[in-house]
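Enquirer: Just need the structure, nothing else, for what follows:
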Amino acid sequence: MTVQRLLGLVAGLPLLWLVAQPVGAQNVQVNPGAGDYPTLKAAFDAINLGTHTGAITVAVSADTTETLPAVLNASGSGGALYTSISITPTGGAARTISGAIAAGSPLIDLNGADNVTIDGLNTGGNSLTIANTTVSPTSVTSTIRFIGGATNNLITNSNIQGSGTMSVATNGATIFFSTDALTANGNDNNTISNNNIGPAGANLPTKGILCNGSASTTAIGNSGNIVNNNNIFDYFGAAVTSAGIATNGGCNTWTISNNRFYQTATRTWTTGALHAGINIQNTTGTSGAQGFTITGNTIGFASNTQTGTYTLTGVGTGAKFLGILFNGIVTGTTSQHQQQHGRRRQPDRGHRRGHDNSKSVHGDAVSGRQYHQQRQHHW
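Expert: Below you'll find the model as predicted:
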């Protein structure tokens, strides 16, 4: 080989290397400031440092794979300084923010963040899926968490997926409202609307939405939150309690309305456990359940169009399905539910819409004096 030929080959190597290596993906665009980032976490990190300020837009232009929680801090914390943040998909295609986040962590953590909108749009070909694919019973495992006084946020028009397998008594859910150690007011006035809230792949979560907030005062509880017009489906625990929506302590004055709760396949108990569409329970003084409005929900069927059968089967003493379970404090603001819908089997039929035919079945269970029912349609 001649020296000239060898030099020619060596000179060509840098060009070949550049062609062979993938260019660093810039999947998230943040403005103002024209930042490009490979992940939502990287974008949030930049916002937390003050790289982007004011009314911020975050455009998800390609799928992201998150390996660590994407934590968004409150404006005024550290370098963060913003008035609002809008997160949307772009480019006229389906976008996914996903990751197998370490058990015990959320995928997206709104840590005192206010005025954040996550809007999957569902227009012009744009859609957004947010999925934590980790299957775990570890406390706090979740897809989106509200913590530290996160207020006035909106999650809408999105597919929110998770696979946390803990019981209702344990923190964590696909969407989890947690405690507030930073303010005196709780995680308040947030809205979850028009979403599909279900499993990540074939791994069912035990809870679609859970609230378990701070309980030292009524004010610090998570209040004023709205869950409206969502499809909440395929939530189940074969051996642990499960619910579409559940609240424990430190949660009050919620509106849960016009949601559809359903199971797309037969669910089989292995051990007796309570399964509920809506499970609201806490009777402790100022931190207990009060001021809830539960109206217009559909609990049953195998689809959001009210077709098919919501079927539970299996063995286990104590296995029970309740459409709505409410156990609140006996004093305080009155809670009410009205205009719920569902289907109930005839006693002599071999199957039912809503429950299996061999376990204890009830439309609702209500405790606490401060509760009002109106136009209730039982199953």
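
Enquirer: ok, T57 - contacts?
Expert: V30, N31, I85, S86, T88 (Cβ atoms under 8 Å, 6 or more residues apart in numbering). All C-beta spots, glycine's among them, are computed from the backbone N, C-alpha and C.

Enquirer: and it, what element?
Expert: strand 54-60 (DSSP states H and E).

Enquirer: ok, now A43?
Expert: Going by DSSP H and E, A43 is in helix 40-49.

Enquirer: how big is the angle separating that helix from strand 54-60?
Expert: For helix 40-49 against strand 54-60, the angle between stretch directions is 170 degrees (axes from the mean of the first three to the mean of the last three Cα atoms, to 10 degrees).

Enquirer: In terms of secondary structure, what does helix 40-49 contact?
Expert: strand 28-31, strand 35-37, strand 54-60, strand 70-73, strand 82-89 (3 or more Cβ pairs under 8 Å, 6 or more residues apart in numbering; DSSP states H and E).

Enquirer: Could you rerun that using 7 Å?
Expert: Packing contacts for helix 40-49, counted by 3 or more Cβ pairs under 7 Å, 6 or more residues apart in numbering; DSSP states H and E, involve strand 28-31, strand 35-37, strand 70-73.

Enquirer: If you compare the directions of it and strand 82-89, what angle comes out?
Expert: Going by the same axes, to 10 degrees, helix 40-49 makes 170 degrees with strand 82-89.

Enquirer: Pick the most buried one from the helices and strands packed on helix 40-49.
Expert: strand 70-73 (a mean of 23; mean count of other Cβ atoms under 10 Å).

Enquirer: contact partners of that strand?
Expert: 40-41, 44, 47-48, 80, 107-113, 116 (Cβ atoms under 7 Å, 6 or more residues apart in numbering).

Enquirer: my read: I226 touches N194, true?
Expert: No - counting by Cβ atoms under 7 Å, I226 does not reach N194; the two are 11.5 Å apart.

Enquirer: For A219, give its distance to N252.
Expert: According to Cβ to Cβ, to the nearest Å, A219 and N252 sit 10 Å apart.

Enquirer: try T266
Expert: Applying Cβ to Cβ to T266 and N252 gives a distance of 36 Å.

Enquirer: For the two, indicate the residue with more neighbours.
Expert: N252 (30 against 13; other Cβ atoms under 10 Å).

Enquirer: hang on, isn't the more buried one packed against Q290?
Expert: Yes - contact criterion Cβ under 7 Å: N252 and Q290 qualify, at 5.1 Å.

Enquirer: Output the longest strand belonging to the chain.
Expert: strand 127-136 (DSSP state E).

Enquirer: Would you mind getting the angle between whichever helix or strand comes after that one and strand 127-136?
Expert: The C-terminal neighbour of strand 127-136 among helices and strands, as given by DSSP H and E, is strand 142-147. Going by the same axes, to 10 degrees, strand 142-147 is angled at 90 degrees with respect to strand 127-136.

Enquirer: Quick one: the helices in the stretch 151-300 of the chain, in order.
Expert: Shown for the stretch 151-300 of the chain, no helices are assigned by DSSP state H, counting those that start in this stretch.

Enquirer: Give the residue spans of the protein that score low on pLDDT.
Expert: Low-confidence segments of the chain (pLDDT under 70): 1-24, 331-332, 334-379.

Enquirer: Go ahead and flag the most central residue of it.
Expert: For the chain, I175 is the residue whose C-alpha lies nearest the centre (Cα atoms, centre = their mean; 2.4 Å).

Enquirer: and that residue, what does it touch?
Expert: S142, T143, I144, I160, I192, I197, G208, I209.

Enquirer: what separates the third one from I278, distance-wise?
Expert: Note on I144: its distance to I278, by Cβ to Cβ, is 19 Å.

Enquirer: Then the last one?
Expert: When distance is defined by Cβ to Cβ, I209 is 10 Å away from I278.

Enquirer: list residues touching both of the two?
Expert: In contact with both I209 and I278: I245, using Cβ under 7 Å, 6+ apart.

Enquirer: Specify the beta-bridge partners of I87.
Expert: In this entry, I87 is beta-bridged to V58, I118, by DSSP bridges.

Enquirer: sorry, that was for T156
Expert: D119, S193.

Enquirer: cool, and the one 4 residues further on?
Expert: The partner list for I160 in beta bridges (DSSP bridges) reads I130, I197.

Enquirer: Quickly list what I147 is bridged to.
Expert: Residues in a beta bridge with I147, per DSSP bridges, are N111.

Enquirer: Would you mind measuring from it to S223?
Expert: For I147, the distance to S223 - Cβ to Cβ - is 15 Å.

Enquirer: Please apply the same query to G208.
Expert: Applying Cβ to Cβ, the value for G208 to S223 is 20 Å.

Enquirer: Look at these two and report which has more neighbours.
Expert: Counted by other Cβ under 10 Å, G208 and S223 do not tie: G208 has more neighbours, with 30 against 21.
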